[in-house]
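>>> Let's see this in three dimensions:
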Amino acid sequence: ETMNDIKKFEKRVLTHSDFEDEGFDEQTNSESINLADIEVSAPYEQENAPKPSTDITEYIHSKTTSGIDPYIMEIRRRLQEDIHARREREKRRRKVLVDQLRALESIEDARREESLVSHLLRQSQFERRLAVELLQTRHEKDVLRQNRIGHEKELEQRRRLDFIEAMDREAELARLARIEYAEQVRKDKELHDIIASDKAEAQHQENFQVCTEITWQLVDFSLKVSEYRQLCENLIPVKLWREWNALFIAGQSLFDDENRADQQDKPNKLHAQTILEEESLKLLDEGDFNEYRNMIGEWEPPTREQFPFETPPVDNPIYGFVINRLHHIVHPPPEKLPPPLFPAYGLKIIVLGKSFSGKTTALKRYCEEHTIVIISLENLVHEAIDAFKNNEMREGEADSDSESSVILDEDKKPDENTSGNQT
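Presented below is the predicted three-dimensional model:
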């Protein structure tokens, strides 16, 4: 702003100097006016100019001394003095302005320094207060950190003690478990030895009993054979020998006197003895049936000398009819159930389940095996949407058809009934 004020002041000075020089002669003062305008318009350039103003005046004076009036010379001299005086005034004015600018700058610097000092003082007080607060917070933080460290150390020591106690407890429990396991193993081993010895003893007794029974059966069989030979004084028939052999193999007794003695001694075993007799008879019957089926013994066919030709047995339809009739009489077939009184009816079944669980596949397979119809809700919805898109409408049908049809939209029932009546 100060430089702008200086420039405005210089412009006003130049305008005043122009008005003062208007009263001189144009022809005589043209060169001096131009020179003055050049010197006044560029006051700052004149200080740095290579040639001073005296050289210019001397040059003009030397050039114009010859043939010029002394009056004009005096005017030019006065003009030069005025120019020099104006230049000096400009210098003094510029010096005053510079001094004023420096004074203003010093005042501004002092004011700026005062404001800066006051700001710094306020800032220093604020910083001092902040420093005190920071020190307090830091002290509190240190106290909290120390308390936390101490608490963590206590917790760590407590956890360590708990861990040591837990490990000692686990070790003691493991030791007790090992002792208990060793005791249990010892008891199990003793029990195993006892069970093994009992089992071996039982097996020995069983084997001994079996051997004893076989021995006594051999003795009985020998006594039976010797008794028959002694009484009949003849060889034993083949059939009787096979019966005795079958009873011996089955472990049945060959003497009835012993059974009677056992019954007299032990009357509570009557039912068991009856069961044994029934088993013996059943065994003998099975032996006779096997002889008949295998055609051995009494059922053995005659030899080739007795029967010269050998032919397979011929089918006998009369004999088969008689056997079939006797079988139906002895074992009549079960009567057929009467047909139900009520007519057959259809079942509606809903199949529910999770998605992708195979419901459709199972229903298709069941549909192939049985007479059922699958109604898929999704397919019905898609068909209804397609029918709506294709502008398909349900027409009225006969009474029999309307009873068997399925109407999905209940709102269209009145319209359909009216259309049916019209048709």
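>>> Just the pLDDT at Val219, thanks.
As predicted, Val219 sits at a pLDDT of 88.
>>> right, and the helix or strand after the strand or helix carrying Arg148?
Secondary structure assignment for Arg148, by DSSP states H and E: helix 70-232. Per DSSP H and E, the first helix or strand lying C-terminal to helix 70-232 is helix 238-250.
>>> So, low pLDDT: which residues of this structure?
Counting by pLDDT under 70, the chain shows low-confidence ranges at 1-2, 13-68, 256-273, 276, 301-314, 340, 342-344, 392-423.
>>> okay, now the domains of it?
Per automatic domain parsing, the structural domains of the chain span 1-203, 207-299, 359-422.
>>> Just send the ones you listed back as TSV, with distance to Gly353 too.
Placement of C-beta: from N, CA and C, glycine included. Below are the domains of the chain laid out as TSV (distance: least, CB to CB, whole Å):
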stretch	distance to Gly353
domain 1-203	50
domain 207-299	56
domain 359-422	5
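>>> still on that earlier bit, from the contact counts, what lies against the helix holding Arg148?
Helix 70-232 sits against helix 2-20, helix 26-41, helix 43-47, helix 53-64, helix 238-250, with contacts defined as 3 or more CB pairs under 8 Å, 6 or more residues apart in numbering; DSSP states H and E.
>>> at 7 Å instead, please
helix 2-20, helix 26-41, helix 238-250 (3 or more CB pairs under 7 Å, 6 or more residues apart in numbering; DSSP states H and E).
>>> before we move on, back to that, between the domains of the chain, which gets nearest to Pro333?
Pro333 sits nearest to domain 207-299 of all those, at 24.9 Å, using CB to CB.
>>> Compute the first-to-last residue distance for that closest one.
Separation of the first and last residues of domain 207-299 by CA to CA, to the nearest Å is 39 Å.
>>> from here on, count from 5
Renumbered: residue one is now 5, and that last one reads domain 211-303.
>>> sorry, back to before: in TSV: the domains of the chain, plus mean neighbour count and distance to Asp319.
Shown next, in TSV, are those (neighbours: other CB atoms under 10 Å; distance: least, CB to CB, whole Å):
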stretch	mean neighbour count	distance to Asp319
domain 5-207	11	56
domain 211-303	12	18
domain 363-426	10	41
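>>> Leu351: which of these is closest?
Nearest to Leu351 among these is domain 363-426; the distance by CB to CB comes to 8.7 Å.
>>> what about the helices in the stretch 305-427 of the chain?
With DSSP state H, counting those that start in this stretch applied, the stretch 305-427 of the chain shows helices at 321-334, 363-373, 381-393, 403-408, 417-426, listed in chain order.
>>> Adding distance to Ala89, write those out as TSV.
Below are the helices of the stretch 305-427 of the chain laid out as TSV (distance: least, CB to CB, whole Å):
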stretch	distance to Ala89
helix 321-334	172
helix 363-373	123
helix 381-393	112
helix 403-408	134
helix 417-426	123
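>>> And these: which comes nearest Lys99?
Lys99 lies closest to helix 381-393 among the helices of the stretch 305-427 of the chain, at 103.7 Å (CB to CB).
>>> Render the CA-only coordinates of that closest one in CSV, please.
Taking C-alpha atoms only, helix 381-393 is exported to CSV below (Å, rounded to 0.1, in the frame of the first residue of the first chain):
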residue,chain,number,x,y,z
LEU,A,381,-48.4,-79.0,-7.0
GLU,A,382,-45.6,-77.2,-8.9
ASN,A,383,-46.7,-78.8,-12.2
LEU,A,384,-50.4,-77.7,-11.6
VAL,A,385,-49.3,-74.2,-10.8
HIS,A,386,-47.1,-74.0,-13.9
GLU,A,387,-49.9,-75.4,-16.1
ALA,A,388,-52.4,-72.9,-14.6
ILE,A,389,-49.9,-70.0,-15.3
ASP,A,390,-49.4,-71.3,-18.9
ALA,A,391,-53.2,-71.5,-19.4
PHE,A,392,-53.6,-68.0,-18.1
LYS,A,393,-50.9,-66.7,-20.5
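>>> Quick one: closest of the helices of the stretch 305-427 of the chain to Leu177.
Of the helices of the stretch 305-427 of the chain, nearest to Leu177 by CB to CB is helix 363-373, at 54.7 Å.
>>> now what about the closest one, what contacts it?
With contact meaning CB atoms under 7 Å, 6 or more residues apart in numbering, helix 363-373 is reached by 355, 357, 376, 378.
>>> Quick check: the gap between the residue nearest to the third one when sequence neighbours are not counted and Ser359.
The shortest distance from Ile376 to any residue other than its chain neighbours is 6.6 Å, reached at Tyr370 (CB to CB, 6 or more residues apart in numbering). Here the criterion is CB to CB, to the nearest Å. By it, Tyr370 lies 19 Å from Ser359.
>>> and if you look at His123?
Per CB to CB, His123 is found 77 Å from Ser359.
>>> Ok, Asp202 next?
Separation of Asp202 from Ser359 (CB to CB): 61 Å.
>>> and what of Leu235?
Separation of Leu235 from Ser359 (CB to CB) stands at 90 Å.
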